[in-house]
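**Student:** coords please:
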Amino acid sequence: MSAKEALALAEKSNLDLVKIAPGANPPVCKIMDYGKFRFEQAKREKEAKKNQKVMEIKEIRLSMNIDTGDFNTKVNHALKFLRDGNKVKVSIRFRGREMAHTDNGLVIMQRFAEACTENGQVEKAAKLEGRQMLMFLVPKASK
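**Tutor:** Numbers count the residues shown, from 1 in each chain. Below is the predicted model:
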């Protein structure tokens, strides 16, 4: 059907002529109430957004001379965050002479990652950025 005939038919039934596939040859059009279509589309998008889970980033700060009790507490906090479905950012800030022993910080980070393997996995490995070493953990995909 020609575009003029389709437009006349749409105006006759008090509806709009909407191009569905303008790139097709010939273009595919549909006669519908465009306002109602837009409203329902927005409603579907809003519903999809409501059902979506937002992933937050929780930070855990470690220090170079952390003891086992404090370390275990921090690991438990990280595991709780990972179970809740959040990302965990683990950081160590090096002060003064600690900058000369960044390798010890890397060992602490690796130990932390190993302790969190049951609920999480390393997304971004430990990396030194200025005076801070950062590592990101994400929850394991549920099966």
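**Student:** Start and end of stretch 104-123, how far apart?
**Tutor:** 21 Å (Cα to Cα, to the nearest Å).
**Student:** centroid residue for the protein?
**Tutor:** What sits nearest the mean C-alpha location of the chain, by Cα atoms, centre = their mean, is M55, with 5.4 Å.
**Student:** dump the residue contacts of that residue.
**Tutor:** G85, N86, K87 (Cβ atoms under 8 Å, 6 or more residues apart in numbering). For every residue, glycine as well, the C-beta is placed using N, CA and C.
**Student:** Would you mind putting those into JSON lines with distance to S13, pLDDT and neighbour count alongside?
**Tutor:** Shown next, in JSON lines, are those (distance: Cβ to Cβ, whole Å; pLDDT from 0 to 100; neighbours: other Cβ atoms under 10 Å):
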{"residue": "G85", "distance to S13": "49", "pLDDT": "86", "neighbour count": "13"}
{"residue": "N86", "distance to S13": "52", "pLDDT": "90", "neighbour count": "20"}
{"residue": "K87", "distance to S13": "52", "pLDDT": "93", "neighbour count": "18"}
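**Student:** out of those, which one sits closest to N76?
**Tutor:** N86 (14.5 Å; Cβ to Cβ).
**Student:** Hmm, that closest one is touching G120, no?
**Tutor:** No - in this structure N86 lies outside contact range of G120 using Cβ atoms under 8 Å: 9.8 Å.
**Student:** Common neighbours of those two, please.
**Tutor:** The contact sets of N86 and G120 overlap at P139 (Cβ under 8 Å, 6+ apart).
**Student:** hang on, the earlier thing: give me the subset of the contacts of M55 lying in strands.
**Tutor:** In strands, defined here by DSSP state E, the members of the contacts of M55 are K87.
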